[in-house]
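In: Structure, please.
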Amino acid sequence: MFVDSATITIKSGNGGNGLISFRREKYVAAGGPDGGDGGRGGSIFVEVDTGATTLMEFRYKRQFRAENGGDGKAKRSSGKDGESIVFKVPPGTIIKDAKTGKIIADMVYDSPKTVLAKGGNGGWGNMHFATPTRQAPHFAKNGLRGEERELTLELKIIADVGLLGFPNVGKSTLLSVATSAKPKIANYHFTTLEPNLGIVDIKDVGSFVMADIPGIIEGASTGAGLGDEFLRHIERCRLLIHVVDVSSSEGRNPLEDFDKINEELKNYSAALAEKMQVIAANKTDIIMDDEVFENFKKEMEKRGYPVFYISAATKKGVDELLKYTIEKLASLPPSPKFEAEITLDEEVNSDENEEKFVISRDETGAFLLTGDWIEKVGGSVNFEDQESLVYFQRTLRRGGVIEALEKQGIQEGDTVRICDLEFDFLR
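Out: Below is the predicted model:
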């Protein structure tokens, strides 16, 4: 089964907590703080697997979680860094933020390994908080949380040329005679249920990658048939070969078919509608309505399209079509790469990139403080140590928390909660 889209959830590892510890050795009366730092949480990366062709793996595995960093140890020893995760996608996979739909990365053949979620930094041990006036700090910092996000994966195949047209017009046959590909071919609609790729290689002329895009029907751009699932695969193609059945063997009008397909391209994307098209007028060996055929020829000449009258089944005119395609590709830009719309390279654990705090009230009237920064501060306090409490209060005041609570009408003795931490407000 061909799978070209998937939604997954990733979570990088949390940083380990810093340790509160003091050096204890014989003959050392006051060894001082020696609590080590927490290890960094594991990150999550993505890289290209050139042998993969679908996103099938992600139908069964939708969650990826990296390992948390280890907590700090005594004797100034740091905790172990969490193990990172690298998952692989086929070339041509676009990774988007599921909530915003914005592109994070476009993984093509030459794309480097890319970080999608950075692990949280480890917290500082109490050895960092010793000062001349505070020689035995009884507090340390917790590690920072890792990133969690939902991603949408979309596969847009990488091919120079896309074969376009209604079902059963001969696209698969043309691919099979032009390349070494072996698509399933039969005389019924929707034979092709997935894109097929093949390499056209003409000695002393050139080569290119050609894709047979599954049949697109009227209404495909709005979800009819299979077309809406596969229109995305045309977006990377540099040139389109529009295969049209001009034989009237099934009672269809080739000009009407041609216009309907182009209307679907226009409705899906203006960029698709503007791509260069070469017309492959197929099944010319079994013309059943000369008037319809002649009308098609006149209209194509009027519109200025390059048209090749071929029979894919007998290979008539196929070489001329392919040589012309190679000639035109030489003057066209390379397959487009979609630019990232979100940058994840900056350090995600800095305070500047975090929401400092949000104040709300619960049903009991308690003041709830939430947000990455305030939860970090709350996680580092040791209520059994006076110095830690002083440090905590000073940090709240410098961070604007006290002022914000007072504006919300807090009174002395009111309850304040930060995660599982609860205390009474004192001025």
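In: Helices along this protein, start to end?
Out: Along the chain, counting by DSSP state H, helices occupy 57-60, 171-178, 227-230, 254-268, 270-273, 290-303, 318-329, 372-379, 386-398, 401-407.
In: Out of these, which gets nearest to residue 103?
Out: Of all those, it is helix 270-273 that lies closest to residue 103, at 14.9 Å by Cβ to Cβ. For glycine as for every other residue, the C-beta is placed from the backbone atoms N, C-alpha and C.
In: Okay, buried residues for the closest one please.
Out: residue 272 (16 or more other Cβ atoms under 10 Å).
In: pLDDT weak spots in the stretch 251-400 of the chain?
Out: Low-confidence segments of the stretch 251-400 of the chain (pLDDT under 70): 345-355, 379-380, 382-385, 387.
In: pLDDT on stretch 90-109, on average?
Out: Looking at stretch 90-109 alone, the average pLDDT works out to 93.
In: Now find how far off-centre it is within its chain.
Out: 3 Å (Cα atoms, centre = their mean, to the nearest Å).
In: contacts for that stretch?
Out: 7, 46-50, 52-55, 89, 111, 114, 116, 149-158, 236, 337-342, 344 (Cβ atoms under 8 Å, 6 or more residues apart in numbering).
In: As a check, name the ranges of all strands in the stretch 51-200 of the chain.
Out: For the stretch 51-200 of the chain, the strands defined by DSSP state E, counting those that start in this stretch cover 63-65, 85-89, 93-97, 103-107, 114-117, 148-155, 161-164, 196-202.
In: Can you give the domain ranges for this structure?
Out: The chain breaks down into these domains under automatic domain parsing: 1-155, 161-248+257-287+315-329, 352-424.
In: Just tell me which of the ones you listed ends up closest to residue 304.
Out: Nearest to residue 304, of the domains of the chain and by Cβ to Cβ, is domain 161-248+257-287+315-329 at 10.7 Å.
In: how far does the closest one stretch from start to finish?
Out: From its first residue to its last, domain 161-248+257-287+315-329 covers 9 Å (Cα to Cα, to the nearest Å).
In: And stretch 68-88, by the same measure?
Out: Span of stretch 68-88 from end to end, Cα to Cα: 21 Å.
In: Quick check: buried residues in it?
Out: 68-74, 76-82, 84-85, 87-88.
In: As CSV, the helices of the chain with distance to residue 246 would be great.
Out: Shown next, in CSV, are the helices of the chain (distance: least, Cβ to Cβ, whole Å):
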stretch, distance to residue 246
helix 57-60, 40
helix 171-178, 14
helix 227-230, 21
helix 254-268, 5
helix 270-273, 22
helix 290-303, 5
helix 318-329, 14
helix 372-379, 63
helix 386-398, 77
helix 401-407, 73
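In: just these: most buried one?
Out: Highest mean neighbour count of those: helix 171-178, a mean of 24 (counted as mean count of other Cβ atoms under 10 Å).
In: tell me the average confidence for that one?
Out: 91.
In: Counting by contacts, list what it packs against.
Out: Packing partners of helix 171-178 (3 or more Cβ pairs under 8 Å, 6 or more residues apart in numbering; DSSP states H and E): strand 161-164, strand 196-202, strand 206-212, strand 239-245, helix 318-329.
In: can you list the ones you listed in a markdown table and add distance to residue 175?
Out: Below are the helices and strands packed on helix 171-178 laid out as a markdown table (distance: least, Cβ to Cβ, whole Å):
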| stretch | distance to residue 175 |
| --- | --- |
| strand 161-164 | 6 |
| strand 196-202 | 5 |
| strand 206-212 | 4 |
| strand 239-245 | 10 |
| helix 318-329 | 11 |
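In: Among those, which comes closest to residue 176?
Out: Closest to residue 176 of the helices and strands packed on helix 171-178, according to Cβ to Cβ: strand 196-202, at 7.8 Å.
In: how about the closest one: buried residues?
Out: 196-198, 200.
In: Indicate each strand paired with it and its parallel or antiparallel sense.
Out: Under the criterion DSSP bridges, strand 196-202 sits next to strand 206-212 (antiparallel) in its sheet.
In: What are the buried residues along the strand it pairs with?
Out: Buried residues in strand 206-212 (16+ other Cβ under 10 Å): 208-212.
In: between the strands of the stretch 51-200 of the chain, which one is nearest to residue 286?
Out: strand 161-164 (19.8 Å).
In: ok, residues contacting that closest one?
Out: Residues contacting strand 161-164 (Cβ under 8 Å, 6+ apart): 171, 174-175, 200, 208-213, 216, 233-234, 237-243, 261, 265, 277, 325, 329.
In: The same query, at a cut-off of 6 Å, please.
Out: Strand 161-164 is contacted by residues 171, 208, 210-213, 234, 237, 239-243 when judged by Cβ atoms under 6 Å, 6 or more residues apart in numbering.
In: Give me the sheet partners of it and which way each runs.
Out: strand 206-212 (parallel), strand 239-245 (parallel).
In: By mean pLDDT, show me the worst of the ones you listed.
Out: strand 206-212 - the lowest mean pLDDT of the strands paired with strand 161-164, at a mean of 90.
In: Let me have the domains of the chain in a markdown table, adding distance to residue 300 as columns.
Out: Listed next are the domains of the chain as a markdown table, based on distance: least, Cβ to Cβ, whole Å:
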| stretch | distance to residue 300 |
| --- | --- |
| domain 1-155 | 32 |
| domain 161-248+257-287+315-329 | 6 |
| domain 352-424 | 56 |
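In: what about the residue lying closest to residue 83 once chain neighbours are set aside, how many neighbours?
Out: Distances taken as Cβ to Cβ, 6 or more residues apart in numbering put residue 67 closest to residue 83, at 4.3 Å, once the chain neighbours are dropped. Using other Cβ atoms under 10 Å, residue 67 has 19 neighbouring residues.
In: any idea how far residue 67 lies from residue 82?
Out: 4 Å (Cβ to Cβ, to the nearest Å).
In: Identify the contacts common to the two.
Out: Joint contacts of residue 67 and residue 82 (Cβ under 6 Å, 6+ apart) are 13, 42.
In: Against residue 343, how distant is the residue most central in space within the chain?
Out: By Cα atoms, centre = their mean, the chain has its centre lying nearest to residue 95, at 1.3 Å. Note on residue 95: its distance to residue 343, by Cβ to Cβ, is 13 Å.
In: go on, residue 245?
Out: 47 Å.
In: Who has more neighbours out of these two?
Out: Between residue 245 and residue 343, counting by other Cβ under 10 Å, residue 245 is the more crowded of the two (22 against 7).
In: residues near the closest residue to that one other than its chain neighbours, how many?
Out: With Cβ to Cβ, 6+ apart as the criterion, residue 245 has its nearest non-adjacent residue at 4.2 Å, and that residue is residue 169. Residue 169: 27 surrounding residues under other Cβ under 10 Å.
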